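**Student:** One predicted model, sequence on top.
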Amino acid sequence: MEKPRLTRLTQIVTLLQSKRLVTATELSKKFQVSVRTIYRDIRTLENSGIPVVTEEGKGYFLQEGYQLPPIMFSEDEANALITAEQLILKNKDASLIENYSEAITKIKAVLRHSQKGKADLLSQRIAFRANAEKEQSSNYLIQIQSAITNYYLLDLGYLSLENNFTNRVVEPFALYSTNENWLLIAYCRLRNEFRVFRLDCIQNMKVLNDTFTPHKMTLEEYFKICQEKYGVPLT
């Protein structure tokens with residue numbers, strides 16, 4: 001269903017603020033309008049003083065340094081964030097819990113006064129039964145995420161499920177979660193191939209200053225290769 005134009009323009013600005021680059025095609029699909037309509041919307045934003053920069057053939061972004069007023073959340077959006085908070089609190093990685101808790105506190109600070117009481121009430125009325133003991137088995141997720149996006153090598157002290165300890169220098173590629181555990185997909189320089197490492201098996205980890213060349217492969221392509229190689233989907 002097509003959104004009213006004012007709502008769409010506001011959401012386009014929010015999206016531009018949240019991403020490095022956004023294409024007209026991406027915007028047209030998200031808002032279910034034609035690309036031509038998106039072109040008109042971008043011109044309207046430019047004419048209203050929003051510094052939208054066009055990177056020819058690539059997309060749009062907001063001029064660096066431009067700051068929008070604090071975003072106001074709708075009640076449904078606030079409820080979704082509170083629900084996510086309760087889910088994150090049951091996660092087994094301590095670094096994720098700590099950083100998300102700090103982030104959600106900042107988000108709650110910009111809620112309207114009437115929303116804050118409702119948010120507190122909802123947080124007391126939602127429960128996830130997974131990991132009821134609040135077990136925390138790793139503390140490396142946030143550091144690994146940063147290494148993935150900055151292409152930093154990781155030096156791992158890894159204890160396998162078979163109780164074999166090795167030191168590995170790896171090129172972190174992606175993360176996924178299954179059975180309440182986080183797993184790192186990385187190119188292992190010891191084995192010279194992609195391997196999967198359980199975060200709860202990492203005994204120690206150091207983020208190196210050395211960087212590596214990004215792998216020209218998507219996560220979907222990686223899963224497809226694994227499915228063809230091993231005959232089962234890794235999802």
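**Tutor:** That came through fine.
**Student:** CA only for contacts and neighbour counts going forward, please
**Tutor:** OK.
**Student:** which one's the longest helix in this protein?
**Tutor:** Assignment by DSSP state H gives helix 94-109 as the longest helix of the chain.
**Student:** got the CA coordinates for that helix in PDB?
**Tutor:** What follows is helix 94-109, C-alpha atoms only, in PDB (Å, rounded to 0.1, in the frame of the first residue of the first chain):
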ATOM      1  CA  ALA A  94      27.900 -10.500  26.800                       C
ATOM      2  CA  SER A  95      29.300  -7.800  24.500                       C
ATOM      3  CA  LEU A  96      26.100  -7.700  22.500                       C
ATOM      4  CA  ILE A  97      23.900  -7.400  25.600                       C
ATOM      5  CA  GLU A  98      26.100  -4.600  27.000                       C
ATOM      6  CA  ASN A  99      26.200  -2.500  23.800                       C
ATOM      7  CA  TYR A 100      22.500  -3.100  23.000                       C
ATOM      8  CA  SER A 101      21.400  -2.100  26.500                       C
ATOM      9  CA  GLU A 102      23.400   1.200  26.200                       C
ATOM     10  CA  ALA A 103      21.900   1.800  22.800                       C
ATOM     11  CA  ILE A 104      18.300   1.100  23.900                       C
ATOM     12  CA  THR A 105      18.800   3.500  26.900                       C
ATOM     13  CA  LYS A 106      19.700   6.300  24.400                       C
ATOM     14  CA  ILE A 107      16.600   5.400  22.300                       C
ATOM     15  CA  LYS A 108      14.300   5.400  25.300                       C
ATOM     16  CA  ALA A 109      15.600   8.900  26.200                       C
END
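**Student:** what pLDDT, on average, does that helix get?
**Tutor:** For helix 94-109, mean pLDDT is 84.
**Student:** do the same with stretch 6-16
**Tutor:** Across stretch 6-16, pLDDT averages out at 83.
**Student:** Show residues contacting it.
**Tutor:** For stretch 6-16, contacts defined as Cα atoms under 8 Å, 6 or more residues apart in numbering pick out 22, 27, 31, 41, 45, 60-62.
**Student:** So for that stretch, what gets flagged as buried?
**Tutor:** For stretch 6-16, the neighbour count (16 or more other Cα atoms under 10 Å) marks 8-9, 12-13, 15-16 as buried.
**Student:** follow-up on the earlier one: nearest to residue 144 among the contacts of stretch 6-16?
**Tutor:** residue 22 (25.7 Å; Cα to Cα).
**Student:** ok, the closest one - how many residues close by?
**Tutor:** 20 (other Cα atoms under 10 Å).
**Student:** Distance from the chain centre to the longest strand seen in the chain, please.
**Tutor:** Across the chain, the strand with the greatest residue count (assigned by DSSP state E) is strand 165-178. Distance, stretch centre to chain centre, for strand 165-178: 18 Å (Cα atoms, centre = their mean, to the nearest Å).
**Student:** ok, then the element right after that strand?
**Tutor:** Note on strand 165-178: by DSSP states H and E, the next helix or strand toward the C-terminus is strand 181-188.
**Student:** which strands and helices sit next to the longest strand of the chain?
**Tutor:** helix 141-150, strand 152-159, strand 181-188 (3 or more Cα pairs under 8 Å, 6 or more residues apart in numbering; DSSP states H and E).
**Student:** now the ones you listed in a markdown table, with mean neighbour count, mean pLDDT and distance to residue 217?
**Tutor:** Formatted as a markdown table, the helices and strands packed on strand 165-178 follow (neighbours: other Cα atoms under 10 Å; pLDDT from 0 to 100; distance: least, Cα to Cα, whole Å):
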| stretch | mean neighbour count | mean pLDDT | distance to residue 217 |
| --- | --- | --- | --- |
| helix 141-150 | 17 | 92 | 13 |
| strand 152-159 | 20 | 97 | 17 |
| strand 181-188 | 19 | 92 | 12 |
